[in-house]
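Chemist: Pasting the sequence and the predicted coordinates here, then a few questions.
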Amino acid sequence: MRNVALAMMAALILWGCGVRKTKQSFSELQDEFIYTTLSFSPVGATSAGYHQHQGVKLDQQLDDFSPASLERQKRFYESIRSRLRDAYEGVKNSTEDLADFDVIVDQIELAQLELGQIQNYRHNPTVYVELIGNALFNPLMLEYAPKADRIRDVIARTEKIPAFLEQAKKNLADAPDIWAKVAHEENQGNIGLLEKTIAAAVPGEVRPDFDRAARPALAALHSFDDFLLKDLAKRNQADWRLSRNYGRKFRAALSTDSEPDEVLDAAESELKKVRAQMLELALPLHQKMYSSHSNHTDLSEHDRQNRIISEVLDRIAQKHATPETYMSDAKRDLEEARAFVASKKLLTLPASGNLQVIETPEFMRGVYAVGGFNPAPALEPHLGAFYWITPIPKTWPRERIESKLREYNSYSLKLLTIHEAMPGHYVQFEYVNSIEPKRRRVLRSVWGNGPYVEGWAVYVEQMLLDEGYLGNSPELRLTFQKQMLRVLANAILDVRLHTRDMTDQQALDLMEKDTFQETEEATAKLQRAKLSSCQLPTYFVGWRDWLRVREHYRNVKGADYNFHDFHDSALKEGAVPLPRLAELLTGKSLGETPSR
């Protein structure tokens, strides 16, 4: 969520003074939270399909990080939090309203934590760099208006880049080396986006306006690059670790009934189980692939596991795309997965075909080193969604290219496509787009619960394999188990890096030696772990809780349980906290149910 507004509601002046004459309904507070918070980030508002706020055309604005704007936002969140407490009596008997209440309160907590304690706007230059990239890229790609009008929106935002970056320089007190490094790399992507991609798309009638705006904007982007490399790089005393703020953010970001230490213990225990399962699966494959040598019975248990599993994974990894076919293979896998889900009737597939497979924007490749999903705007779902595939740079040395292709071999690429698109994130967000009323749809889409979102994507990978995808291929199953090790390592990395001073080498050893990740993948994941916090555990926490909810649903429904209906019913609710989802589906609290 991006911070800070250019436009506020008129009543905010009264809220800041503590004056309130009438009690608001919960639906009024929902609307106020949604649209005022969207107005805080015009760039995010464009992504959500919200274009006008109180007479201000948001598509032509950049987010405002000035001290006055930050202070207005703080007052807003303090005020609406207080008024939500007053409204609680009116929602406590409605599970649907309570789910929305949970989402709003968690987002207010995250916003107040960011503004008060974490303050990324003072330490993380990628906040500004990625915001500029999204500000320019989204109007180019989202067809919410005729192209010439959208380019005029891009021009209006381009004109504001110099002042925006001057404010960024004033705000940034220091930055960890890794944040400044990634900001520099992504800033180069912004320069290319403005100088090449957008320039090539500008219609002739607005070319002079674009050229006038682009020149100072490009100069400002180059100046900001100098600032990152020569100034901010010298002020590198800030720590990327969240440390004492981690627990508070974890609880608000995940909204689960588990604490960080419990998640860490569970992930480390599950990691041992998965490795044992992988050995059992790998042994017969190893005997076929390496009939000329033994099963390494002379090694210790851990070393034997590593040797046998690694040798089998090494053979599996040799089946991979080339840099030239990487994108087309992903598109093929998308159609293959779609056909399988339909044939097995695992859930009701969306009727629309509004998904595009495109290259990951350059300004987002610091976080999305492999790929990702960008949903359709919540308020304009007809504009379509994007499955991002990060291309392999031709400038990389051969060994680095091979490492990436081995990690995302033919089987891994299929699992990635299931996860991000079919029936993963794309399908779940298409369901959200049908939720009514609109305020509920927007809330559960834009601010949806992370474990619900990421957990579903991991859950469906396993579900498709359990249902016989790719003919119950043992190579695919072993590759999935390797992916599960990555899910577990994600959770372990996040908790240990941010709260227990895990070193870079310990992190790399966990990924490369214990979870069989290629060096290229492990290095990129370590960078991602330093750029984010409380996002990497969402995969494990969500996967585990989706299985708990399914088992809970099965136990409550008894003979009436239906696999297809469970998926449809759960997806129709949108991204609510998973403990609350159990209540929505059954009328009963989740309680203790088996995790597998």
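Modeler: Here it is on my side, so go on.

Chemist: And the strands in this protein?
Modeler: For the chain, strands defined by DSSP state E occupy the ranges 52-53, 56-57, 355-359, 371-374, 385-389.

Chemist: Now render those strands as CSV, adding distance to Gln481.
Modeler: In short, each C-beta sits where N, CA and C put it, glycine included. Converted to CSV, those look like this (distance: least, CB to CB, whole Å):
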stretch, distance to Gln481
strand 52-53, 48
strand 56-57, 51
strand 355-359, 27
strand 371-374, 21
strand 385-389, 24
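
Chemist: of all those, which lies closest to Val458?
Modeler: strand 371-374 (13.5 Å; CB to CB).

Chemist: other SSEs contacting the closest one?
Modeler: Counting contacts by 3 or more CB pairs under 8 Å, 6 or more residues apart in numbering; DSSP states H and E, strand 371-374 is packed against strand 385-389, helix 410-420, helix 425-432.

Chemist: With Pro125 as the reference, name the closest of the ones you listed.
Modeler: With CB to CB as the criterion, Pro125 lies closest to strand 385-389 of these, at 22.3 Å.

Chemist: Could you list the paired strands of that closest one along with their orientation?
Modeler: When sheet partners are counted by DSSP bridges, strand 385-389 sits next to strand 355-359 (parallel), strand 371-374 (antiparallel).

Chemist: Based on its surroundings, how many neighbours for Arg85?
Modeler: Residues near Arg85, counting by other CB atoms under 10 Å, number 10.

Chemist: For the helix of greatest length in the chain, buried residues please.
Modeler: Across the chain, the longest stretch assigned as helix under DSSP state H is helix 260-289. Using 16 or more other CB atoms under 10 Å as the test for burial, helix 260-289 gives 260, 263-264, 266-268, 270-271, 274-275, 278-279, 281-282, 285-286.

Chemist: from these, which is closest to Pro451?
Modeler: Val263 (10.3 Å).

Chemist: List the contacts of that closest one.
Modeler: 491, 495, 537, 540-541 (CB atoms under 8 Å, 6 or more residues apart in numbering).

Chemist: Asp174: which of the residues you listed is nearest?
Modeler: Using CB to CB as the measure, the one of the contacts of Val263 that approaches Asp174 most closely is Val495, at 25.0 Å.

Chemist: Can you give me the domain assignment for the protein?
Modeler: Following the assignment in automatic domain parsing, the chain carries domains at 1-118, 121-240, 261-596.

Chemist: nearest to Arg248, of those domains?
Modeler: Comparing the domains of the chain under CB to CB, the one sitting nearest is domain 1-118, at 5.9 Å.

Chemist: quick revisit: identify, from the contacts of Val263, the entry nearest to Asp177.
Modeler: Out of the contacts of Val263, the member with the shortest distance to Asp177 (by CB to CB) is Val495, at 22.5 Å.

Chemist: thinking the closest one is in contact with Glu262, fair?
Modeler: No - when contacts are counted by CB atoms under 8 Å, Val495 is not listed as touching Glu262 (10.0 Å).

Chemist: pLDDT value on the residue nearest to His320 when sequence neighbours are not counted, please?
Modeler: With CB to CB, 6 or more residues apart in numbering as the criterion, His320 has its nearest non-adjacent residue at 4.0 Å, and that residue is Asn409. Note on Asn409: pLDDT of 95.

Chemist: Contacts only, for Asn409.
Modeler: Here Asn409 is in contact with 316-321, 479 (criterion: CB under 8 Å, 6+ apart).

Chemist: right, and Leu493 touches Leu510 too?
Modeler: Yes - using CB under 8 Å, Leu493 is in contact with Leu510, at 6.9 Å.

Chemist: Poorly predicted segments of the stretch 251-400 of the chain, please.
Modeler: Within the stretch 251-400 of the chain, the stretches with pLDDT under 70 are 366-367.

Chemist: Let me have the domains of the chain in JSON lines, extended by distance to Ala253.
Modeler: What follows is those, written out as JSON lines (distance: least, CB to CB, whole Å):
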{"stretch": "domain 1-118", "distance to Ala253": "6"}
{"stretch": "domain 121-240", "distance to Ala253": "16"}
{"stretch": "domain 261-596", "distance to Ala253": "4"}
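
Chemist: Worst mean pLDDT among those?
Modeler: Looking at these, the weakest mean confidence is domain 1-118, a mean of 85.

Chemist: For Asp59, which residues are in contact?
Modeler: Shown in contact with Asp59 (CB under 8 Å, 6+ apart): 42, 45-46, 51, 139, 144, 150, 153, 156-157.

Chemist: Going by distance to Met422, which of those residues wins?
Modeler: Checking those against Met422 with CB to CB, the nearest one is Tyr144 at 25.2 Å.
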